[in-house]
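*Asks:* What follows is a predicted protein model with its sequence.
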Amino acid sequence: MSEFRIRDLQPEDCRELVNMIKELAVFEGLPEQVKITEETLRRDGFGDHPFYHCIIAEVHDKNSQDGPWQTVGYAMYFFSYGTWVGRMMYLEDLYVKPQYRGKGIGKSLMTKVAQIGVENECKRMQWVVLNWNQSAIDFYKKHDSIDLTSDEKWHLFRMESEELQKFAKLHDQTKIKS
């Protein structure tokens, strides 16, 4: 491999981003859960109030001076807020294509996200990792990350679209008693 660079995602990169999201889902054993499209990524990641931010890693073959840069990884994150600490960020995905792992690209992507967090006065960065992904767990622990499941006994919950819509309708069914 030759050199690599990290840069902000641009709207024209969304096709390759969808491909890498699908690759990550296959790696995680959940390919059927990917519903995202290029159009959704373009709509939600750009404009005055983006729902997410993303940086990508690209490699350039030093044997090809004028050759194109090839996208080989990404980190998607967004800002959030914690009632205990204030500004936070959430790392949604950190992915590097298998043939480019072990070359410092993933560490550089995560470092850049951390730098962005510090620049934005975030007090915390959170993410999840599958319990079988031991290499990722080891990497995070090596860099002083706290495993909230084992250390603080937190459980992560979610509602999918159907459950979210059902729950949102509960207000229509309940009356506030005065």
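*Replies:* Structure's in. What do you need?

*Asks:* In the longest strand belonging to the chain, which residues are buried?
*Replies:* Ranked by residue count under DSSP state E, the longest strand found in the chain is strand 70-82. Residues of strand 70-82 classed as buried by neighbour count (16 or more other CB atoms under 10 Å): 71-78. All C-beta atoms are positioned from the backbone trio N, CA, C, and that covers glycine.

*Asks:* pLDDT and distance to residue 154 for those - can I get that in CSV?
*Replies:* Shown next, in CSV, are those (pLDDT from 0 to 100; distance: CB to CB, whole Å):
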residue, pLDDT, distance to residue 154
71, 97, 34
72, 98, 33
73, 98, 28
74, 98, 26
75, 98, 23
76, 98, 22
77, 98, 20
78, 98, 19
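
*Asks:* Who are the contact partners of the closest residue to residue 117 other than its chain neighbours?
*Replies:* Nearest-residue entry for residue 117: residue 89, 4.7 Å, with adjacent residues in sequence omitted and distances by CB to CB, 6 or more residues apart in numbering. Residues near residue 89 by CB atoms under 8 Å, 6 or more residues apart in numbering: 77-80, 113, 116-117, 120, 122, 124-126.
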